[in-house]
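Q: next comes the sequence, and after it the predicted model I'd like to discuss.
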Amino acid sequence: MSFTSKNLNSVQLEAVKSKNQHILILAGAGSGKTRTLTYRIAYLIHEKNVDPSNILAVTFTNKAAREMKERVEKLAKGNLAKLWIGTFHSMFARLLRMEAKALPYGSDFTIYDSDDQVNAIKKVMSMLNIPQQLHSPKLFQARISQAKNKMISPDKLEVKKDDNFDVLLPDVFRRYNEFLHENNAVDFDDLLLLPMQLFNDHPSILKKYHRKFKYILVDEYQDTNKAQYSLIHQLMSKNSHICVVGDEDQSIYRWRGADINNILNFNKDYPEAKVFRLEENYRSNKYILNGAGALISNNTERLGKDLWTNRKDGDPIILMDAENESDEAKKIVENIHKEMFSKKRSFKDIAILYRTNAQSRALEDELRKNAISYAIVSGVKFYERKEIKDILAYLKVITNPRDSVSLRRIVNFPLRGIGETTVGKIEKFAEALNISLLEGMGKVQEVISISSGMANRVLEFYEMINKYQKSSKKISAAELTSSLTHETGIITHLKNEYDQYESESRIDNVYELFSTIEIFSTEREQEKKDSSLSAFLEDVALLSDIDSMNTTRNSVTMMTLHSSKGLEFPVIFITGMEMGLFPLQRNFADNSELEEERRLLYVGMTRAQENLYLSYARSRRRFNNINYTTPSLFLDEIPSEFTEERLAGSSATGKGKSKRHTRRKKLLEYFHQEDESQEEVTSYAIGSRVYHETFGKGEVIGVEGQGDKMKISIKFEGEVYKKLIAQYANLTPIEISD
DNA sequence: CTTTATGGTTTTTTT
DNA sequence: AACCATAAAG
């Protein structure tokens, strides 16, 4: 049998077999938490005869869900088609489509990605006459998403009355929601909020799911936000069982609304819950584990735990310095070679992690030069490439004719002579008739101000969309996409628009999309699941970076520290260990944010099994200028007994150098400089008046950022809005009496 | 009205 | 690389 001490340690086994209704598993990095969760699901099905359809298991990524499902299948040997396992977003998107009748949305609603969301905001801003130069649409999008994560409605937003942005926010928020509704579209956050609304409005539906989900299991519970927390809470009935797994030290998504209190207060929600602690680490060697442990002990917002390992010593953590980012890349390549020759490792054993995606560039160049095969976990993501997004926009319009954001994207792509002005006219017309933009295009001949020549072009486009809407019910999704791409001239466009090399690569991407759709539909058909175009679009919208990671190719993996959560590799390189980069500049000031950065490094370090390298560069090019850097304060927090320094200055490799003190000093200097630079800059009060050489007199209506990054929004005379960088703008304050 | 060329700006992390 | 604003040409 699988459920014995052969496969699990005693605590794991106890947790797997626990009869308690509510279970909290506090599990350190590498302690086998996913394994425990997987075995528990299998145990429930195989030993306790729980029907898979009564289980809801929520994971953090689709990849994790896929792997967990495969493992449960092997252990439980049952038919798991009815097991609900997936991410919050994909599970509840599925639920929403099933219950669409009770919703004010059609079942073919579109899920807007962040790009679509920003476009929607832009539209809303123009409707409300808010110039984009005044406030960035992205900022509205971020703030609205934050509010939704915290379940704050537009009316309940806390706004600063003297801040122009804050004053506008509730209106933008409200109109944005209305806009989504008109477009039969939802954003990521709605996928969590709408089910709650649905359950509130239809108690019978909630009852149905209360009966259905007798067992709820949640992985990575420390990274759930308020909406996710409440949703799970709502789904729990008196008789249902909940089992959550998490580690407060690995909470790295607080900026996205994750609330660490969800896990810290689990016992308050379920006082009779049984708590299991998994503290034996099976992944990393002693140096790595203890180094990471020492680092994280600097955090105050934690429960605290002692991870231990039975493993032999192994190699210490290697600290490396470099001249600049390309030197850093070179040293990493050197060490990759060393790892391969002396330890017989292959590319796939190695991962390089960084704080920001932009850092991958220098590394890529060097790896390519050395013919090291590498795979980036979504730098420029496949589904975010222009050629792919354009085709997806066609598909979105075909499945959801009310989606005006996608419609606007494709109406003049490839160019067919239908410009902004014409679309604007049709839009006004459609609004007056209370019909969708696409329907308006069908009646374009009724718009007086549009010439018949123009109207014909619009009609031709409209007819084409119409044709594909009809044929979407007959031909396969892949066929439709291929025929559409050729008929619209997208392929020809790609051939002509770019140089040969780029054309080829873009066209390759398009063909890859065709085959992805093909594979998707055949797989779904085999599983007797929804293989429609809208199912495909949903799948794509909810894909996470890590989901598309290719594990079959033998290559070095490169990704952000965030993406690395839940993974493990024999060899890990963590790059850019510099003040301002890791931790990031903007996360210095606030201690909680600094602690989150520290947790992020902790997550990165604990991905390593055998060898861990931490590197920093003395100078680094960022935003096209060279910055001289100071090593990260986190390096100071890893005791030298766990590290070995390979510094360019010092000869060879010595253990536990006494450079610590100077480094600490440097650090203090750094902070000191920071403080000073912030004090020196004049502050600009909102409402105060200033004078600018070119633009004349104006009123300050917004300030963002600090120090040399401070940007000032100003309303100059004659309704001219500008956003200027304080440092360069050379503004002169004017007395108010003026 | 629409298209095209040009230059500036943008990035922290992501479902 | 993608997206904007702007200006000038068709």
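A: Cool, got the structure. Numbering: from 1, shown residues only, chains lettered A, B, ... in the order given.

Q: element containing residue A:143?
A: According to DSSP states H and E, residue A:143 maps onto helix A:137-149.

Q: same for the helix or strand following that helix, what does it pack against?
A: Heading C-terminal from helix A:137-149, the first helix or strand you meet, by DSSP H and E, is helix A:164-182. Helices and strands touching helix A:164-182, by 3 or more CB pairs under 8 Å, 6 or more residues apart in numbering; DSSP states H and E, are helix A:114-127, helix A:137-149, strand A:696-704. C-beta: built from backbone N, CA, C; applies to glycine.

Q: rerun that using 6 Å as the cut-off
A: Here helix A:164-182 touches helix A:114-127, strand A:696-704, going by 3 or more CB pairs under 6 Å, 6 or more residues apart in numbering; DSSP states H and E.

Q: need the contact partners of that helix.
A: For helix A:164-182, the external contacting residues (CB atoms under 6 Å, 6 or more residues apart in numbering) are A:120, A:124, A:135, A:140, A:144, A:154, A:157, A:159-160, A:701-702.

Q: mind giving me the packing neighbours of the following helix or strand past it?
A: Counting by DSSP H and E, the next helix or strand C-terminal to helix A:164-182 is strand A:185-187. Other elements packing on strand A:185-187 under the criterion 3+ CB pairs under 6 Å, 6+ apart are strand A:110-112.

Q: which elements pack onto the strand it packs on?
A: Partner elements for strand A:110-112 (3+ CB pairs under 6 Å, 6+ apart): strand A:185-187.

Q: give the pairing partners of the strand it packs on; include direction for each.
A: strand A:110-112 (parallel) (DSSP bridges).

Q: what's the burial count for the spatially closest residue to residue A:91 that is not a sequence neighbour?
A: Leaving aside its sequence neighbours, residue A:91 sits nearest to residue A:84 (CB to CB, 6 or more residues apart in numbering; 5.9 Å). Around residue A:84 there are 19 other residues, counting by other CB atoms under 10 Å.

Q: circling back to that earlier point, next, see if the helix holding residue A:143 gets close to DNA strand B.
A: Yes: Helix A:137-149 lies within reach of DNA strand B by CB under 7 Å from any atom of the strand, at A:138, A:145.

Q: contacts for that helix, please.
A: By CB under 6 Å, 6+ apart, the list of residues contacting helix A:137-149 reads A:117-118, A:121-122, A:172-173, A:189, A:225, A:227, A:257.

Q: run a quick neighbour tally on the residue in the stretch 251-400 of chain A that DNA strand B sits nearest to.
A: Distances between the stretch 251-400 of chain A and DNA strand B by CB to the nearest atom of the strand are smallest at residue A:357, namely 3.4 Å. Using other CB under 10 Å, residue A:357 has 19 other residues around it.

Q: helices of the stretch 351-500 of chain A, residue ranges please.
A: A:360-369, A:386-399, A:404-410, A:420-433, A:437-442, A:452-471, A:477-487, A:490-497, A:500-526 (DSSP state H, counting those that start in this stretch).

Q: for DNA strand C, which of the ones you listed is the nearest?
A: Closest among these, using CB to the nearest atom of the strand: helix A:386-399, at 3.7 Å.

Q: quick check: mean pLDDT across that closest one?
A: Averaged over helix A:386-399, pLDDT sits at 91.

Q: which of the residues in that helix are buried?
A: A:387-399 (16 or more other CB atoms under 10 Å).

Q: and these as a markdown table, adding distance to residue A:238?
A: Below are these laid out as a markdown table (distance: CB to CB, whole Å):
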| residue | distance to residue A:238 |
| --- | --- |
| A:387 | 53 |
| A:388 | 47 |
| A:389 | 47 |
| A:390 | 51 |
| A:391 | 49 |
| A:392 | 44 |
| A:393 | 46 |
| A:394 | 49 |
| A:395 | 44 |
| A:396 | 42 |
| A:397 | 46 |
| A:398 | 45 |
| A:399 | 40 |
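
Q: what is the nearest of these to residue A:283?
A: residue A:388 (36.1 Å; CB to CB).

Q: which ones are touching the closest one?
A: Applying CB under 6 Å, 6+ apart, the residues near residue A:388 are residue A:513.

Q: how close does residue A:610 sit to DNA strand B?
A: As for residue A:610, its distance to DNA strand B is 25 Å (criterion: CB to the nearest atom of the strand, to the nearest Å).

Q: for that residue, give me its contacts.
A: residue A:570.

Q: tell me which helix or strand it sits in.
A: strand A:608-617.

Q: off-centre distance for that strand?
A: 24 Å (CA atoms, centre = their mean, to the nearest Å).

Q: the helix or strand following that strand close to DNA strand B?
A: Using DSSP H and E, the next helix or strand after strand A:608-617 towards the C-terminus is strand A:619-622. No: Strand A:619-622 does not reach DNA strand B (CB under 7 Å from any atom of the strand); its nearest approach is 8.7 Å.

Q: rewinding a little: taking helix A:360-369 as reference, get the angle to the strand holding residue A:610.
A: When axes from the mean of the first three to the mean of the last three CA atoms, to 10 degrees is applied, the directions of strand A:608-617 and helix A:360-369 differ by 110 degrees.

Q: about what we covered before: ok, the residue nearest to residue A:91 touching residue A:58?
A: No: judged on CB atoms under 6 Å, residue A:84 makes no contact with residue A:58 at a distance of 8.6 Å.

Q: relative to DNA strand B, how far out is the residue nearest to residue A:91?
A: For residue A:84 relative to DNA strand B (CB to the nearest atom of the strand), the value is 15 Å.
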